[in-house]
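J.: Have a look; sequence and predicted model below, questions after that.
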Amino acid sequence: METFNLFLVETFPKDDPVAFTFFSGYMAMFAATIFFWMSIPMVSNKWKTSLIVSGLVTFIAGVHYFYMRDTYMATGESPTAYRYIDWTLTVPLLMVEFYLLLKPAGAKLGLLWKLVAASLVMLVAGYIGEAFYATDGGMNILWGIISTLGYVYILYEVYAGEGKKLAAESGPFIKSAQNKITWFVFAGWAIYPIGYMLLDGNLLSGLADTLPIDLVYNIGDAVNKIGFGLVTYSAAIAMSKEESEGVGASANGKTAKTVA
């Protein structure tokens, strides 16, 4: 029975872009985790949770990529189960990230639950289609459509729904962060339904030989999860600096009045 070593892969095919993105993906995720968590002391208290969540997303993804890398190298097959376990944990956490970003602008828990529910619809339907109906073109497409509806709802909330309205009424840093996240969801997350459509019998299955599904997913994960975190980090740093300067100016004003 063939076995593989989780800590050392003996051969690495230099002409396999999928293997390359599995290796670079898990290293990038772990590096991002260290960066986000080491940045926590640099932000004010109300932004610390946001950076903790950002680091959790990339840490969980890094652990799963560690296992997905070895599964792929040992079998040559797509690690579907590992990937969906990863997504089931990290995508709802990305929704928590978005909620925490908008919380200072007045976001309520109702928005978070709607986004989490939509993400679970997207993931559960995608897993059913990919794991159980990968060779059944009709059912595969049906579950793909259901999954895409969850994605479209998240895009609506971010682009034109409650998330957009809250950001429009907030300060420039949250507006800028919300706008960047909109592009991540619109362009970056579109990689996932495209990858799904590469499955056998699906709408883009003819391209699967030149554009492997794991290559699409690996690039999408790295861009979206690390990118989401960097947007949160930038907003947290900028707003913490603004709050610090505001407190400093207020304290200086009080000191001047006392001296007078």
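T.: That came in fine, so what should we check first?
J.: contacting residues around the helix or strand that contains residue 123?
T.: For residue 123, the host element (DSSP states H and E) is helix 109-132. By CB atoms under 8 Å, 6 or more residues apart in numbering, the residues outside helix 109-132 that reach it are 80-81, 84, 87-88, 91-92, 94-96, 98-99, 102, 139-144, 146-151, 153-154, 157, 162-163, 166, 192, 196, 199. In short, each C-beta sits where N, CA and C put it, glycine included.
J.: cool, and stretch 187-205?
T.: Contact with stretch 187-205 is made by 126, 129-130, 134-137, 140-141, 144, 147-148, 151, 154-155, 207-208, 211-213, 216-217, 219-220, 223-224, 227, as judged by CB under 8 Å, 6+ apart.
J.: rerun at 7 Å
T.: Applying CB atoms under 7 Å, 6 or more residues apart in numbering, the contact partners of stretch 187-205 are 126, 130, 134-137, 140-141, 144, 147-148, 151, 207-208, 211, 213, 216-217, 219-220, 223-224, 227.
J.: same check, this time on stretch 37-48
T.: For stretch 37-48, contacts defined as CB under 7 Å, 6+ apart pick out 51-52, 55, 233, 236-237, 239-240, 243.
J.: try it again with 10 Å
T.: 49-52, 54-56, 58-59, 100-101, 103-104, 229, 232-233, 235-244, 247 (CB atoms under 10 Å, 6 or more residues apart in numbering).
J.: Start and end of that stretch, how far apart?
T.: End-to-end span of stretch 37-48 (CA to CA, to the nearest Å): 9 Å.
J.: again with stretch 71-81
T.: 11 Å.
J.: quick one: that stretch to chain centroid distance?
T.: Relative to its chain's centre, stretch 71-81 lies at 22 Å (CA atoms, centre = their mean, to the nearest Å).
J.: Please apply the same query to stretch 226-234.
T.: 10 Å.
J.: State the mean pLDDT of it.
T.: Mean pLDDT, computed over stretch 226-234, is 94.
J.: Low-confidence regions, the stretch 1-150 of the chain specifically.
T.: Within the stretch 1-150 of the chain, the segments meeting pLDDT under 70 span 1-12.
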